[in-house]
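Enquirer: Give me a model of this one.
(one chain, ligands or ions: 1)
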Amino acid sequence: MHTHILPEKLPDFAEKFGYGDFIHLVHEREGFANMMKGGVFFREIAKNCWDPEVRIREYELYRTSVQVVCTIPVMFSYWAKSEDCLDLSMFLNDHLAGIADDYPERYIPLGTVPMQDTDLAIRELQRLKELDFPGVQIGSNINGLNLSEVRFFPFFEACQELDMAVFIHPWEMMGEADMKKYWLPWLVGMPAETARAACSLVFGGVLERLPHLRVCLAHAGGSFVPTIGRIEHGFNCRPDLVAVDNPVTPRHYLNKIWYDSATHDPQLLRYILEVVGDDRVCLGTDYPFPLGDLEIGAFIEQMGLPSETVERIFYKNTIAWLYGH
Ligand SMILES: [Zn+2]
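Expert: Residues are numbered from 1 along each chain as shown. Sure thing, here's the model as predicted:
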């Protein structure tokens, strides 16, 4: 689980909608494309970002047979007018549905929804359910708002009701403007964003009120699990600040959430397995991006874990997260 895919060609959404720095692709040399955010270069992507056959050949090298695919967070476009974001989301979701239809044994899709408008997000969620998607991917914040905001609760409620899994991916990282150098938004901002999302769902009582909601956090939960001691201590020493919406200790939720395995660090993965349980960690890679675990699962195989634990990480936990069994 946790891989990203895009259509090879994107419509010119900025021209279609008449505003905004929507992502478009410029194909200048064979096998590569530049992702442009308005006029600004965002990232170069290669054929393995859009060609399902190339991907299959690449991930088979690591004896992986199925990928859970979702869009690249920069495509969320929550900043756009909600109707336009719905339009864009439907385009991406129809592409994902096509890949899953063409390669039903190879790809499992997670959709994207216009989170800036809860009603439209639920409407698209319902359509995704009809298209047989097992879940959706959403951002760690919605235009700067935390996931604990009351306005998002009906969306999470609908996810629980429709039995749709939720993957939370960091994006629009806090502090980005102040730390452009050294790739800090990716190295420091992303783990913090993920902890922000997790703490919001925990302290906001979302997970407490929706005990059957199945949430998975990208990048092994970012800094959430490594700093749970501090988070719990804060909850205990300043309940007046922290325990205002939910009286249950945050540690209680560690085993209610799923996490991908993208730690790049066997020691950290061992710690996470110990504190969240080996039924909660899913093989996640962030493929095909360079910051991902591109030697899919190799470090996990070298950790000397019991074979039942490896099996759980490699597929059983992902199935449990996606389908609830
Ligand atoms: Zn990712």
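
Enquirer: which residues touch the spatially most central residue of the chain?
Expert: Nearest residue to the geometric centre of the chain (CA atoms, centre = their mean): residue 169, 3.3 Å. For residue 169, the contacting residues are 70, 73, 137, 138, 139, 140, 218, by CB atoms under 8 Å, 6 or more residues apart in numbering. Every residue, glycine included, has its C-beta placed from N, CA and C.

Enquirer: TSV for the residues you listed, including neighbour count and distance to residue 204?
Expert: Putting the contacts of residue 169 into TSV (neighbours: other CB atoms under 10 Å; distance: CB to CB, whole Å) gives the following:
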residue	neighbour count	distance to residue 204
70	27	24
73	19	21
137	27	20
138	29	15
139	19	16
140	27	14
218	26	19
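
Enquirer: from the residues you listed, which is closest to residue 146?
Expert: residue 140 (8.9 Å; CB to CB).

Enquirer: Apart from its chain neighbours, what residue comes closest to the residue nearest to the centre of the chain?
Expert: residue 218 (4.6 Å; CB to CB, 6 or more residues apart in numbering).

Enquirer: quick check, residue 33 in a helix?
Expert: No. Using DSSP: H, G, I helix; E, B strand; the rest coil, the assignment for residue 33 is strand, not a helix.

Enquirer: who's in contact with it?
Expert: 8, 25, 26, 27, 44, 45, 49, 50 are the contacts of residue 33 under CB under 8 Å, 6+ apart.

Enquirer: so it bridges to which residues?
Expert: residue 45 (DSSP bridges).

Enquirer: where does it land on pLDDT?
Expert: pLDDT recorded at residue 33 is 95.

Enquirer: same deal with residue 29?
Expert: pLDDT, residue 29: 91.

Enquirer: What of residue 146?
Expert: 98.

Enquirer: Ramachandran angles for it?
Expert: Note on residue 146: backbone dihedrals following degrees, to the nearest 10 are phi -80, psi 160.

Enquirer: Kindly tell me how buried it is, as a neighbour count.
Expert: Residue 146 has 16 neighbours, counted by other CB atoms under 10 Å.

Enquirer: Just give the nearest non-adjacent residue to it, would you?
Expert: Residue 146 sits nearest to residue 200 (CB to CB, 6+ apart), 4.1 Å away.

Enquirer: returning to that earlier point: nearest to residue 306, out of the contacts of residue 33: which one, please.
Expert: Scanning those for proximity to residue 306, where the rule is CB to CB, the winner is residue 49, at 35.1 Å.

Enquirer: Right, I'll leave it there.
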